[in-house]
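1. Quick one: sequence plus predicted model below, questions after.
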Amino acid sequence: MNCRAAPGQEHGVFRPLIDNQNADAWIRRYQAADDAAIRLVCLPHAGGSASFYFPMAQALAPAVDVLSVQYPGRQDRRHEPGITDIGVYADALTSALLPWVDRPLALFGHSMGAVLAFEVTRRLERDHGIDPVRIFASGRRSPSSHRPETVHLRDDDGIVAEMRELSGTDAAILGDEDILRMVLPAIRSDYTAIENYRAAPEHTVNAPVTVLTGESDPRTSRVEAESWEGHTLGGLDLHSFPGGHFFLTKQQAQVLKIVSEELAAAARKG
C-alpha cells in the first residue's frame, strides 16, 4: 500500500500549513514588463521587504520582468504571523510562483533570500519539472556551510544591535520605536528560520549559480562563498565586491550589469 503523509507532515517533520489561497499576497510587480523575454524573482534578506528591490525592478525593465517577494509579517502583510521555518517559506513561495512560470525564470536572493532562492529552485525542479535558468546568490554562504548563530534568541535590543552591525536597515527605522515594535516580530521569525536551517552537502540544483559577495562581509567568507559550487550541477560564477554584508547597495551599478548580462544570455538561449 502506498501511504502518503498528511499535509504539513511530509518526511516525518511537522510543518504548519500556510494559507496560500491568495498567492498574490507574496508578489509585488513594481515595473510590469509584459513583453520581457525573461522573469526575475527577487527575495529579500531577513527582516527585509519587497520594496528593497524597487530600484532593481526599475533598472531592469523593460528587458526583464521583475517580481519582488513580500514575506508575511511586514508592511502591508504586517498583521500576518511570521514564518520560522525555511521549508515552510520555500513551499509557500513555490506555490505562489507557479502562475508566473510562463517564461524563463531566474531567482535573485540576498542573505536569507539566497537560501530561499536555492530551496525554491529545488522544489520547482524536483516537484514541478520547471527549470529556472539561474540563481543569483548574494551575501550568503553556501547552503551546507553552517555557523552556530543565535540572534533569534536575543532580546529586542540584541536583534537591533545585529541589524546595526550589518547596516541593512535604514537608520531612521532603527530610531523609531513604534516602527521597530511592529517589525521586530517578523525579524525574529526570519532569524529563527535562517539560523535553524540545515542543508545536506548533497542537495543540489540543476540551475547555474552566480554568487555575489562582499569582500569584508562578516557573515560570508570567500571559502564559504566558493562552496556554492558543490550545490549546483550547472556551474558557478563568483563575483567579489568591496564592502560588507550589504555591499550591493553601494555596488548597485556593477551588480545590475552582471545580472542584466546573465539574464540577456539566458533569454537568448530561450
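-> Here it is on my side, so go on.

2. Flag the shaky bits of the stretch 51-200 of the chain, pLDDT-wise.
-> Residues of the stretch 51-200 of the chain meeting the criterion pLDDT under 70: 150, 152, 165-178.

3. so residue 109 is in which element?
-> Applying DSSP states H and E as the criterion places residue 109 in strand 105-110.

4. just checking, what packs against the very next helix or strand once past that strand?
-> Once strand 105-110 ends, the next helix or strand along the chain (criterion: DSSP H and E) is helix 112-128. Applying 3 or more Cβ pairs under 8 Å, 6 or more residues apart in numbering; DSSP states H and E, one finds that helix 112-128 contacts strand 38-43, helix 86-97, strand 105-110, strand 134-138, helix 177-195. For every residue, glycine as well, the C-beta is placed using N, CA and C.

5. who's in contact with residue 30?
-> 53-54, 57-58, 66, 68 (Cβ atoms under 8 Å, 6 or more residues apart in numbering).

6. which among those residues end up buried?
-> Neighbour counting by 16 or more other Cβ atoms under 10 Å classes 53-54, 57, 66, 68 among the contacts of residue 30 as buried.

7. Could you export those as CSV, including distance to residue 194?
-> Shown next, in CSV, are those (distance: Cβ to Cβ, whole Å):
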residue, distance to residue 194
53, 18
54, 23
57, 24
66, 23
68, 19
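
8. Redo these as JSON lines? Include secondary structure.
-> Formatted as JSON lines, the buried ones among the contacts of residue 30 follow (DSSP: H, G, I helix; E, B strand; the rest coil):
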{"residue": "53", "secondary structure": "helix"}
{"residue": "54", "secondary structure": "helix"}
{"residue": "57", "secondary structure": "helix"}
{"residue": "66", "secondary structure": "strand"}
{"residue": "68", "secondary structure": "strand"}
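
9. Which pair in those has the greatest spatial separation?
-> 54 and 66 (9.2 Å; Cβ to Cβ).

10. ok, so of the buried ones among the contacts of residue 30, who is nearest residue 89?
-> For the buried ones among the contacts of residue 30, the nearest to residue 89 is residue 68 (15.4 Å; Cβ to Cβ).

11. shouldn't the closest one be in contact with residue 42?
-> Yes: contact criterion Cβ atoms under 8 Å: residue 68 and residue 42 qualify, at 4.9 Å.

12. what's the overlap in contacts for those two?
-> 50, 52-53, 57.

13. any idea which of these is closest to residue 223?
-> For those, the nearest to residue 223 is residue 52 (27.3 Å; Cβ to Cβ).

14. Look up the closest residue to that closest one, ignoring the ones flanking it.
-> The spatially closest residue to residue 52, leaving aside those adjacent along the chain, is residue 44, at 5.0 Å (Cβ to Cβ, 6 or more residues apart in numbering).
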